[in-house]
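A.B. asks: Provided below are the primary sequence and the corresponding predicted coordinates.
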Amino acid sequence: IENLPFELQRNFQLMRDLDQRTEDLKLEIDKLATEYISNARTLSSEEKLGLLKQIQEAYGKCKEFGDDKVQLAMQTYEMVDKHIRRLDTDLARFEADLKEKQIESSDYDSSSSKGKKKGRAQKEKKAARARSKGKNSDEEAPKTAQKKLKLVRTSTEYGMPSVTFGNVHPSDVL
């Protein structure tokens, strides 16, 4: 509770106080009821009415404390709900800003490198999805690796063929 905002701490403390007052009144009601029952034959009718009136007043106070506690609980709920709505609004704004920045950066990437980075990102996403789904078995792995790698054969000075990799990103090989 120490980490909650002051208003919420105050409301919870007030609810605890109301609970304590209610418990104290219930103990008083029990004492009055016990006194009434044990002395019912010896008490005059005025004394009986006085004890019953005290019990009734104590129950009335308990009801008031309960009503106050319900009001505090509703007020606390409204505060929390308002805070949640504010957080939802902030989150939506943050997500919109993030999307806008991603769009701006993808526009920059596509204009500066003619879409190579964007295409690579899409390939990486597809590869990650395929790996997460577990569709690539051991038999399929070499085929997908062969598809991803663009091999270019060139002749060398010594007559042995050499292999170079075209525009391949390291994550495409993994």
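C.D. replies: Yes, it's here.

A.B. asks: Check which helix or strand Ile29 maps to.
C.D. replies: Counting by DSSP states H and E, the element that carries Ile29 is helix 6-38.

A.B. asks: can I see the domain layout of the protein?
C.D. replies: For the chain, automatic domain parsing gives the domain ranges 6-113, 116-173.

A.B. asks: Least confident of those domains, on average?
C.D. replies: Ranked by mean pLDDT, the domains of the chain bottom out at domain 116-173, with a mean of 50.

A.B. asks: Can you give the contact residues for stretch 78-92?
C.D. replies: Residues outside stretch 78-92 that contact it (CB atoms under 8 Å, 6 or more residues apart in numbering): 5, 7-8, 11. Every C-beta, even on glycine, is put in place using the N, C-alpha and C of the backbone.

A.B. asks: Who wins on neighbours among the residues you listed?
C.D. replies: Highest neighbour count within the contacts of stretch 78-92: Asn11, with 20 neighbours (other CB atoms under 10 Å).

A.B. asks: State the distance from that residue to His83.
C.D. replies: According to CB to CB, to the nearest Å, Asn11 stands 13 Å off from His83.

A.B. asks: Identify the contacts common to these two.
C.D. replies: Counting by CB under 8 Å, 6+ apart, nothing touches both Asn11 and His83.

A.B. asks: OK, contacts around Ile55?
C.D. replies: Residues in contact with Ile55, defined by CB under 8 Å, 6+ apart, are 29, 32-33, 36.

A.B. asks: hmm, 7 Å instead?
C.D. replies: Shown in contact with Ile55 (CB atoms under 7 Å, 6 or more residues apart in numbering): 29, 32-33.

A.B. asks: Next: Lys26.
C.D. replies: By CB under 7 Å, 6+ apart, the residues touching Lys26 are Cys62.

A.B. asks: Appreciated, that's everything.
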